[in-house]
Structures are given as structure tokens and as C-alpha cells.
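>>> No sequence on hand, only this structure:
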């Protein structure tokens, strides 16, 4: 019952957040156990701790001690599966570290998904925005819509759907316009991908979010819904995004990623034409829209049907109506197949 590779998810407290992310991406545990130089247990780190740290302004180079959860629920002995599940379900946690009787040394960890035999399944629909022209990828998108471009023998949209299916999401709405019939003919009803696929058919281009106004009530079994651009490859845990959205009572949540831009010029600061400071090629940090969203279905009633909206327009509209909108920091691997250079790099083409 104990996670067999638990020793591989232990990190010393002198590591950086970047090291934690690398460890999380390598293992299936979705947690890191932190110890000091004497191997004494200090606490745990999950992706939620990382997101909160990044949203507070920490960087990937920051020491992990700043994001450690120092009060995790633990046990001092190996308990049976029934008791372990009861403790984790009662406390809404997914991990249960096992410590010695002094609460000092790590003896293992129990992970909920490892002891749960039933496969998770969610009715929340995933809306894939696949109606754009992909003009930055011309000429290869002149006769093939961007979501059907292949990477290592598999189309982009198949990769998106399979990522969601592995996490238990099976209901999809694909928004189509440009060369949309090709996408519909390729995916059909989703049976070959063990999914259920419906289509939102734009009659005119409605931006990156306008087609949400065309979703029918009977196509949504569970709110909130996930929205993702049809050219995004990402390792995000969608269930954790939904949990964050619901727990924080958000009406619309935008997944953002921390980015940076280096000014290629030396910056000169002035005050009354006097030079006060020099900054040589300064780096600016900011959060960028990742093209992934979690939205309550009832929010879509605020949209005018068949009206052009980009997704930021929808968030501004909801803000103006005093509805709660939040950001969800992303640290997982993310790629936007937005131009030829990116597509060629990911596809291994020159």
C-alpha cells in the first residue's frame, strides 16, 4: 500500500522551487517531502503550494523553505487501506506521510490514487476552441486546420483529448469554423478516443471566446466547464484547477503562467532631465494568459449570442458585473503551437 518510490520524492530544504517542479514532473506522486540536512522531516510541497508561492511573487530560484507546508496530516504507523482512505477523505487530502514515533524520520507515504481502485470520472465538459485560421502557421494551415497538424504522428487535438481522458474527462465540445468539416470528419463522435464529442459550429468568426454563447443547456451535465485553446499542449491537472475554482468561489478562472521579457537596451531613469539610475537590459516579470480557463456555465448567459468575444473580453465583462474572477498560476510544461518555429521545434523538424 505504501508508495514504492517514496525515497525519490524527498528533497533537502536547500533546494529551489525549480528543483521541486522537476521532481514533481518526474514522479507520479504529485508531492515532495522536505527534510533538513539531518534528514529530519520538515513538511510537504504540492503544486498548490508552488502556485501560491508564485502568486506571492516568488521565483523559480526561490528557496523551497518559503513554500513548505509545515503542518501536514501524518501517521506514525502503516495503517490499512480502509483507515487511510477514511483519514484522507475526511481531511480532503491526497497524501499521507508515514513518520517514525518521534515525528522525525520519513518511513514512507500513502497516496490516495494509488489505493483507489475505481477510475475517476468527471462530467464537466471540456470545450476545445478549434475554429481559428492559424494564419501564423501558413502555408501548412492553408489546407489543414491547426488542430489537425501532427506532432510525432498524432494530431494536436488528439493529444489534448487524450490528456483529458487520462484524467477522467470524457465529454467534449469542439468549437469549429475554419476547415471545421475536416475536424468533424476526423474526430466524428469521439468513439475512437473513448469520448463523447459534440460540435459548436460558428457561422462567422467569433474570436477566442464568442462561440461559448452557442453552447446549449442540454450539452452541459456538470458545471464548471474547462475551456482550452486548440493549439495548447500542457500537463496541467484539470481536476485540481476545478477544485481551486470551486473552493475559492470563482465564477471564471484564468490559468496564467509566469513569463519574463528582457529589454534589449539599457534603461535610463530620469527626474527633471537628470539621470538618476541605470538599469542594464532589465528583465521584467509578468503573468501571461495560457489559453486555459475554468468557467461556471451560468456566466455564459451574460454573452450575446453570435457576438465576437476574445476570452479577456469575457473576463472584463464578468468583472464589470462584479462577479469574482481569479487567476490560477501554472508551472507545468506548456506549449502554444502558435507559429512555424514552435511547430517545427516540437515536431523535430528543421
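Good, I have the coordinates. In this text, all values refer to a predicted model and were calculated from it rather than measured experimentally. Numbering: from 1, shown residues only.
>>> List the residues that contact the residue lying closest to residue 195 once chain neighbours are set aside.
In space, and not counting its chain neighbours, residue 195 is closest to residue 170: 5.2 Å by Cβ to Cβ, 6 or more residues apart in numbering. Backbone N, C-alpha and C define where each C-beta goes, glycine included. Contacts for residue 170 (Cβ atoms under 8 Å, 6 or more residues apart in numbering) come out as 121-122, 194-196.
>>> Kindly recompute the last result at 10 Å.
Residue 170 makes contact with 121-126, 161, 164, 190, 193-197, according to Cβ atoms under 10 Å, 6 or more residues apart in numbering.
>>> Phi first, then psi, for it.
phi -130, psi -10 (degrees, to the nearest 10).
>>> how much space is there between it and residue 178?
Separation of residue 170 from residue 178 (Cβ to Cβ, to the nearest Å) stands at 26 Å.
>>> Of the contacts of residue 170, just say which sits nearest to residue 137.
residue 161 (20.2 Å; Cβ to Cβ).
>>> you'd agree that closest one is up against residue 173?
No: assessed by Cβ atoms under 10 Å, residue 161 is found out of contact with residue 173, at 11.6 Å.
>>> shared neighbours of those two, anything?
126, 128, 197.
>>> The residue nearest to the spatial centre of the chain: what secondary structure?
Residue closest to the mean C-alpha point of the chain, counted by Cα atoms, centre = their mean, is residue 236 at 3.3 Å. Secondary structure, DSSP: H, G, I helix; E, B strand; the rest coil: residue 236 is coil.
>>> Distance of the nearest residue to it once chain neighbours are set aside relative to residue 345?
Once flanking residues are discounted, residue 236 sits nearest to residue 332: 5.2 Å by Cβ to Cβ, 6+ apart. Distance, residue 332 to residue 345, by Cβ to Cβ: 19 Å.
>>> So those two - more neighbours on which side?
residue 332 (16 against 13; other Cβ atoms under 10 Å).
>>> for the protein, what spans make up the helices?
17-26, 47-55, 81-90, 112-115, 156-166, 180-187, 238-247, 311-320, 340-347 (DSSP state H).
>>> by how many degrees do the fifth one and helix 180-187 diverge?
Same thing as helix 156-166. Per axes from the mean of the first three to the mean of the last three Cα atoms, to 10 degrees, the angle that helix 156-166 makes with helix 180-187 is 50 degrees.
>>> packing partners for helix 156-166?
strand 126-129, strand 150-151, strand 171-176, helix 180-187, strand 225-229, strand 232-234 (3 or more Cβ pairs under 10 Å, 6 or more residues apart in numbering; DSSP states H and E).
>>> mind redoing it with 8 Å?
Contacts defined by 3 or more Cβ pairs under 8 Å, 6 or more residues apart in numbering; DSSP states H and E place helix 156-166 against strand 126-129, strand 171-176, helix 180-187, strand 232-234.
>>> show me what contacts residue 260?
283-286.
>>> could I get these as JSON lines with distance to residue 9 and neighbour count?
Shown next, in JSON lines, are those (distance: Cβ to Cβ, whole Å; neighbours: other Cβ atoms under 10 Å):
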{"residue": "283", "distance to residue 9": "32", "neighbour count": "9"}
{"residue": "284", "distance to residue 9": "34", "neighbour count": "9"}
{"residue": "285", "distance to residue 9": "29", "neighbour count": "10"}
{"residue": "286", "distance to residue 9": "31", "neighbour count": "10"}
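>>> Can you add pLDDT and distance to residue 31 and give those residues back as a markdown table?
Output for those, formatted as a markdown table (pLDDT from 0 to 100; distance: Cβ to Cβ, whole Å):
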| residue | pLDDT | distance to residue 31 |
| --- | --- | --- |
| 283 | 85 | 31 |
| 284 | 83 | 33 |
| 285 | 81 | 27 |
| 286 | 86 | 29 |
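>>> What about those, which are in strands?
Mapping those onto strands (DSSP state E) picks out 283-286.
>>> Make sure the residue nearest to the centre of the chain is actually in contact with residue 255.
Yes: between residue 236 and residue 255 there is a contact at 6.8 Å, judged by Cβ atoms under 8 Å.
>>> which residues are in contact with both of the two?
With contacts taken as Cβ under 8 Å, 6+ apart, residue 236 and residue 255 have 292, 330 as neighbours in common.
>>> can you pull the buried residues of the helix or strand of the chain with the lowest mean pLDDT?
The helix or strand of the chain with the poorest confidence is helix 112-115; it has a mean of 80 (mean pLDDT, DSSP states H and E). Neighbour counts using 16 or more other Cβ atoms under 10 Å place 114-115 of helix 112-115 among the buried residues.
>>> which residues are in contact with that helix?
Residues contacting helix 112-115 (Cβ under 8 Å, 6+ apart): 1, 3, 81, 84-85, 88-89, 93-96, 120.
>>> Throw those into JSON lines and include pLDDT and distance to residue 30, thanks.
Output for these, formatted as JSON lines (pLDDT from 0 to 100; distance: Cβ to Cβ, whole Å):
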{"residue": "1", "pLDDT": "60", "distance to residue 30": "17"}
{"residue": "3", "pLDDT": "78", "distance to residue 30": "11"}
{"residue": "81", "pLDDT": "78", "distance to residue 30": "19"}
{"residue": "84", "pLDDT": "86", "distance to residue 30": "16"}
{"residue": "85", "pLDDT": "84", "distance to residue 30": "17"}
{"residue": "88", "pLDDT": "87", "distance to residue 30": "13"}
{"residue": "89", "pLDDT": "84", "distance to residue 30": "17"}
{"residue": "93", "pLDDT": "88", "distance to residue 30": "12"}
{"residue": "94", "pLDDT": "87", "distance to residue 30": "7"}
{"residue": "95", "pLDDT": "92", "distance to residue 30": "8"}
{"residue": "96", "pLDDT": "92", "distance to residue 30": "13"}
{"residue": "120", "pLDDT": "73", "distance to residue 30": "14"}
